[in-house]
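Dropping the sequence and predicted coords here.
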Amino acid sequence: MHIAIAGNIGSGKTTLTRLLSKHYNWEARYEDVDENPYLNDFYEDMQRWSFNLQIYFLNSRFNQILEIRKSGKTVIQDRTIYEDAHIFAPNLHSMGLMTSRDFNNYSSLFQLMCSLVKPPDLLIYLRATVPTLVSQIQKRGREYENSIRLDYLKRLNERYEAWISSYNLSKLLIVDVDNRNFIDKPEDLSSIIDKIDAEIHGLF
């Protein structure tokens, strides 16, 4: 089974992936942030590096999905292949940070990859307001994220909401994270686990 967690930068995807992986004894697949050769450059000069970064993420996530399906195990994945194509790449394009030529090239590659892989069995979307995202981004203290602007996060949030409102590829669980603390409040994590259990039992 393939469970995937989606959400904006700072919404708590990696934290929840880790906690659920531990609780259910699922194998976790994380976003390739530390090894990503483009991320620092991208935040320094988005226009120059946007296409390179998006292609890197697309390739990385496509490989992850192939490995997940091949493994035959239940895997929980931190971020999906859909978010780059429906949220990050179109946002960069609309902001004038990715050319139409690059965006069209990227989009056709994404369509091809999607035709070759199955969607996750369950998608968990972490919904958070911009103040929550900013607070969590500051807490983790990644240097390259210091330059992320509020309007950038706001634009991404709007695109996430638009994407989720029409998502129909698999079962979907929406979790509001503004008033939840997975790490320090066991009851918050338990309430999410209860909801996931209900969704998973519906998959069989």
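Thanks, I have the structure now. Numbers count the residues shown, from 1 in each chain.

okay, which residue is most central for the protein?
residue 79 (2.7 Å; CA atoms, centre = their mean).

and the gap between the closest residue to that one other than its chain neighbours and residue 88?
The shortest distance from residue 79 to any residue other than its chain neighbours is 4.8 Å, reached at residue 31 (CB to CB, 6 or more residues apart in numbering). For glycine as for every other residue, the C-beta is placed from the backbone atoms N, C-alpha and C. Separation of residue 31 from residue 88 (CB to CB, to the nearest Å) stands at 12 Å.

and stretch 62-82, how far apart are its ends?
End-to-end distance of stretch 62-82 (CA to CA, to the nearest Å): 10 Å.

Now the longest helix anywhere in the chain: average pLDDT?
Determined from DSSP state H, the single longest helix within the chain is helix 46-71. Per-region confidence: helix 46-71 scores 93 on mean pLDDT.

Could you do stretch 129-141 as well?
Computed over stretch 129-141, the average pLDDT equals 85.

Check whether residue 199 really touches residue 171, as I assumed.
Yes: with contact defined as CB atoms under 8 Å, residue 199 reaches residue 171; the gap is 5.4 Å.

can you map out the strands along this structure?
2-7, 27-29, 75-78, 122-127, 171-176 (DSSP state E).

Just name the most buried of those strands.
Mean neighbour count (mean count of other CB atoms under 10 Å) peaks for strand 2-7 among these, with a mean of 26.

Which strands border that strand, and is each parallel or antiparallel?
Strand 2-7 has the following strand partners under DSSP bridges: strand 75-78 (parallel), strand 122-127 (parallel).

Next, format those strands as TSV and append distance to residue 140.
Below are those laid out as TSV (distance: least, CB to CB, whole Å):
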stretch	distance to residue 140
strand 75-78	14
strand 122-127	15
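
and of those strands, who's closest to residue 42?
strand 75-78 (18.7 Å; CB to CB).

which residues in this protein form helices?
Taking DSSP H as the test, the helices found in the chain are 13-24, 39-44, 46-71, 81-83, 89-94, 100-114, 130-140, 150-165, 186-201.

okay, those, which one's buried deepest?
The highest average neighbour count among those, using mean count of other CB under 10 Å, belongs to helix 81-83 at a mean of 21.

Mind listing residues that contact stretch 189-204?
1, 3, 16, 19-20, 23, 121-122, 124, 171, 173, 175, 180, 182 (CB atoms under 8 Å, 6 or more residues apart in numbering).

ditto for stretch 31-43
For stretch 31-43, contacts defined as CB under 8 Å, 6+ apart pick out 13-14, 48-50, 52-53, 56-57, 60, 78-79, 142, 144-145, 147-148.

what residue ranges in this structure score low on pLDDT?
33, 141, 143-147, 203-204 (pLDDT under 70).

Which among the strands paired with strand 2-7 is found nearest to residue 106?
Judging the strands paired with strand 2-7 by CB to CB, what sits closest to residue 106 is strand 75-78, at 20.6 Å.

Alpha carbons of the closest one, as PDB, please.
The C-alpha coordinates for strand 75-78 follow below in PDB (Å, rounded to 0.1, in the frame of the first residue of the first chain):
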ATOM      1  CA  VAL A  75       5.200   2.800   2.300                       C
ATOM      2  CA  ILE A  76       4.500   6.400   3.500                       C
ATOM      3  CA  GLN A  77       5.900   9.100   1.200                       C
ATOM      4  CA  ASP A  78       6.700  12.700   2.200                       C
END
